[in-house]
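**Student:** Got a predicted structure plus its sequence, pasted below:
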Amino acid sequence: MKMAKAKKNFWQGSGLTYGMVILAYILVEIALKTDHMSSLMEGLLVPLCTYSILAVSLNLVVGISGELSLGHAGFMCVGAFSGALFSKIMKGSIDPTVSLVIAILIGAAVAAVFGILIGIPVLRLRGDYLAIVTLAFGEIIKNIINAIYLGRDVNGFHFSMKSEIELGLGEGGETLIKGAQGITGTPQASTFTIGVILLLITLFIVMNLVNSRTGRAIMAIRDNRIAAESIGLNVTKYKLLAFSVSAALAGVAGVLYAHNLTTLAALPKNFGYNQSIMILVFVVLGGIGNIRGSVIAAVVLTLLPELLRGLNNYRMLIYAIVLIALMLFNSSPKAIEMRERAAEWFKKKRQAKEA
Amino acid sequence: MSFMSYLISGISLGSVYAIIALGYTMVYGIAKMLNFAHGDIIMVGGYVVFIVTSTMGMSPVVGILAAVVVCTILGVTVERVAYRPLRDASPLAVLITAIGVSYLLQNLALLLFGADTKSFTSVITMEPLKLAGGQLLISGETIVTILSGIIVMIGLTLFINKTKTGQAMLAVSEDRGAATLMGINVNKTISVTFAIGSALAAVAAVLYCSAYPALTSQTGAMPGIKAFVAAVFGGIGSIPGAMIGGILLGVIENLSKAYISSQLSDAIVFSVLIIVLLVRPTGIMGRKISEKV
């Protein structure tokens, strides 16, 4: 009896999410094999996985841990650059798939370290202050990466924060990171299959964490910090755990993102606070704390501007209006009341029909 | 002497941040929301002045007045249409709506005015001031900006403390429920707050665009975010805090640009913010809020 109930819960909860992703993957693969997909859509497949992973990982901080973070793109940036740097150094010396796997692990590890380093001071703050400090950290990371020059020659690695000439590279030297121009010539190893596998792993990690003792502790702290503390939960430990796992997963997304491009540069567009906010929009529209919703929102909102491409200049305008309208419809107390009334009216009508 | 000139231009930049930060901080204090679209109101103000003075060829005074009027109407309209229905919704929902408004304004500007950078002609025609026998040159823009900053700060402090509307704003920021019981029209008070904040944004637009004449649909984003940092820096919700935060931020930014690295100046500004918040978690002038169990 108990088993059956647990099984049912599985299929209503995490199982449905995995199933949804796998089904989408199969459908896309069929469309790819039978040539039913435009090249524009094909180019969107890896970004869709990237954004889904980002949204799910941010949901861990915003939804489960209840802290508003506006610096998620910063962790993505760290992961992207460390992963891409590894791939560039190793280019040609090991198998590309093995290289990508190691790059992903490195990206995750480096982003997790940054998550812990940033989390220790940041998680002392609350609410809007925490939000602005995470935003500040994201911008600092982007800013510093834009000023890094790294080169390699026979004598080993050279590092500078000023310019390419400062590196003083010997003969046959190669610049690996070129300041604001970033890293060029990263192998394009990301594929849709790898993206989906990473998304499934992310979902597995996050959903298992949420449904574990640790996850319940994190949610208890979110719901009432003082009460949780009074029953002996270590607030800092659990918050830091959620924050660094989320950062590591963002790092994974970053590696995936970096290996989908030929040139990786830290621009305001891809790693700035605008990107962090974009990810937050996915999380909020998908439903805060709802993992499946994050994936759906990330996919729909990434596709929406592309589907509106026919409308040209108006597409971002329509996107903005849709966003505002959705928020008003979803969250305004008046709209919620109206929806409830409409639902009741339908119910009455159905009952009348049955009778 | 070069230090003095960097310092003065830093104060000037800081005054612009302070004026923008006042808008942020007032809206936060009274409506308890982060108005992410505030930076884009600056951009709209910049375009209005540009059109009136450069395209229509009217005098700068008309341009500034038009910008103030347009921004005020825009701010109040945005509040009425997008924020008021969400008054009792979760803060995150309001934040995302504000982001939506910000996208809307940016893309509307992109459609109306095109993607090319407009070069803004300074509306300030004041002779530069020479001090210390010509060694220290202060531009007209700098003087006007600092003066406007001072005027705005004094004016706003008087308005808040001496008028009935100002007192109503204080009351609403203190306790919205109790203010309603005292017969204060909360909706009207919040509208007035948005009107003042947006009018200040228009003033900031004129000053900012006169100093940095490249005008695009993204113009408002960076000063907006810096002013937001300034508001938090000084303690969000506190009016003197926004002034101090803004000026400090401008000075730090300019000095680090001059003496450390122009590339890393933003990183330095944000690092200072983080250090301040770690020492004083509610900003320089912020009030400590104790938690009740």
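**Tutor:** On my side now, so go ahead. Residues are numbered from 1 along each chain as shown, chains lettered A, B, ... in the order given.
**Student:** Report the rounded mean pLDDT for stretch B:51-62.
**Tutor:** Confidence over stretch B:51-62, taken as the mean pLDDT, stands at 85.
**Student:** tell me which parts of the stretch 201-350 of chain A are close to chain B?
**Tutor:** A:226-227, A:273-274, A:277, A:280-281, A:284-285, A:288, A:313-314, A:316-317, A:319-321, A:323-324, A:327-328, A:330-335 (Cβ under 8 Å from any Cβ of the partner chain). Backbone N, C-alpha and C define where each C-beta goes, glycine included.
**Student:** List only buried entries from these.
**Tutor:** A:273-274, A:277, A:280-281, A:284-285, A:288, A:316-317, A:319-320, A:323-324, A:327-328, A:330-332, A:335 (16 or more other Cβ atoms under 10 Å in any protein chain shown).
**Student:** And the strand or helix carrying residue A:102, how far out from the chain middle?
**Tutor:** Using DSSP states H and E, residue A:102 sits within helix A:96-122. Taking the mean of its C-alpha atoms, helix A:96-122 sits 13 Å from the chain's own mean (Cα atoms, centre = their mean, to the nearest Å).
**Student:** ok, now stretch A:119-133?
**Tutor:** Centroid separation for stretch A:119-133 versus its chain: 20 Å, with Cα atoms, centre = their mean.
**Student:** Contact residues of the stretch 1-150 of chain B facing chain A?
**Tutor:** Near chain A, when you scan the stretch 1-150 of chain B using Cβ under 8 Å from any Cβ, you find B:28, B:34, B:36, B:82, B:85-90, B:92-93, B:95-97, B:99-101, B:103-104, B:107-108, B:110-111.
**Student:** do that again at 6 Å, thanks
**Tutor:** With the criterion set to Cβ under 6 Å from any Cβ of the partner chain, the stretch 1-150 of chain B comes near chain A through B:82, B:85-86, B:88-89, B:92-93, B:96-97, B:99-100, B:103-104, B:107, B:111.
**Student:** Most neighbours among those residues, which one?
**Tutor:** residue B:97 (29 neighbours; other Cβ atoms under 10 Å in any protein chain shown).
**Student:** what are the ranges of the helices in chain B?
**Tutor:** Listed in chain order, the helices of chain B (DSSP state H) span B:2-31, B:38-50, B:60-78, B:91-113, B:140-162, B:164-174, B:176-181, B:186-211, B:221-234, B:239-259, B:265-279.
**Student:** Tell me what angle the longest one forms with helix B:186-211.
**Tutor:** Taking axes from the mean of the first three to the mean of the last three Cα atoms, to 10 degrees, one finds that helix B:2-31 is oriented at 160 degrees with respect to helix B:186-211.
**Student:** picking that back up, pipe the helices of chain B into CSV and attach distance to residue A:35 per row.
**Tutor:** Shown next, in CSV, are the helices of chain B (distance: least, Cβ to Cβ, whole Å):
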stretch, distance to residue A:35
helix B:2-31, 52
helix B:38-50, 43
helix B:60-78, 47
helix B:91-113, 34
helix B:140-162, 60
helix B:164-174, 61
helix B:176-181, 60
helix B:186-211, 52
helix B:221-234, 42
helix B:239-259, 54
helix B:265-279, 47
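**Student:** Can you say which of the ones you listed is nearest to residue A:106?
**Tutor:** Proximity to residue A:106 (Cβ to Cβ) singles out helix B:265-279 among those, at 23.7 Å.
**Student:** What average pLDDT does the helix holding residue A:102 get?
**Tutor:** 91.
**Student:** Can you tell me which helices and strands it packs against?
**Tutor:** With contacts taken as 3 or more Cβ pairs under 6 Å, 6 or more residues apart in numbering or on different chains; DSSP states H and E, helix A:96-122 sits against helix A:72-90, helix A:235-258.
**Student:** Now for chain B, the helix or strand with the poorest mean pLDDT.
**Tutor:** The weakest-scoring helix or strand in chain B, judged by mean pLDDT, DSSP states H and E, is strand B:129-131 (a mean of 73).
**Student:** for that strand, the distance to its chain's centre please.
**Tutor:** Distance of strand B:129-131 from the chain centroid (Cα atoms, centre = their mean) equals 28 Å.
**Student:** Name the strands paired with it and say parallel or antiparallel.
**Tutor:** Taking DSSP bridges as the criterion, strand B:129-131 forms sheet pairs with strand B:136-138 (antiparallel).
**Student:** Any buried residues in the strand it pairs with, and which?
**Tutor:** residue B:138.
**Student:** which is the next helix or strand following the helix holding residue A:102?
**Tutor:** From helix A:96-122, the next helix or strand downstream (DSSP H and E) is helix A:127-145.
**Student:** what angle separates whichever helix or strand comes after that following helix from helix A:72-90?
**Tutor:** The helix or strand immediately downstream of helix A:127-145 is strand A:149-153, counting by DSSP H and E. Here the directions of strand A:149-153 and helix A:72-90 differ by 10 degrees (the same axes, to 10 degrees).
**Student:** So which elements touch strand A:149-153?
**Tutor:** Strand A:149-153 sits against strand A:156-160, strand A:174-178, with contacts defined as 3+ Cβ pairs under 6 Å, 6+ apart.
**Student:** Report the mean per-residue pLDDT for the first one.
**Tutor:** Confidence over strand A:156-160 (mean pLDDT, whole number) is 77.
**Student:** Closest to the centroid, which residue in chain A?
**Tutor:** Taking Cα atoms, centre = their mean, the centroid of chain A lies closest to residue A:54, which sits 0.6 Å from it.
**Student:** That one against residue A:279, yeah?
**Tutor:** Yes: in terms of Cβ atoms under 6 Å, residue A:54 counts as a neighbour of residue A:279; the distance is 4.8 Å.
**Student:** coming back round to it: please produce CSV containing the helices and strands packed on helix A:96-122, extended by mean pLDDT and mean neighbour count.
**Tutor:** Formatted as CSV, the helices and strands packed on helix A:96-122 follow (pLDDT from 0 to 100; neighbours: other Cβ atoms under 10 Å in any protein chain shown):
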stretch, mean pLDDT, mean neighbour count
helix A:72-90, 91, 28
helix A:235-258, 94, 26
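**Student:** Can you say which of these is nearest to residue A:119?
**Tutor:** Residue A:119 sits nearest to helix A:235-258 of all the helices and strands packed on helix A:96-122, at 4.1 Å, using Cβ to Cβ.
**Student:** residues making contact with whatever helix or strand comes next after that closest one?
**Tutor:** Later in the chain than helix A:235-258, the nearest helix or strand by DSSP H and E is strand A:263-264. Identification of contacts with strand A:263-264 by Cβ atoms under 6 Å, 6 or more residues apart in numbering or on different chains yields A:84, A:182-184, A:186, A:258.
**Student:** Where does the stretch 151-300 of chain A get nearest to chain B, which residue?
**Tutor:** Distance from chain B to each residue of the stretch 151-300 of chain A (Cβ to the nearest Cβ) is smallest for residue A:284, at 4.8 Å.
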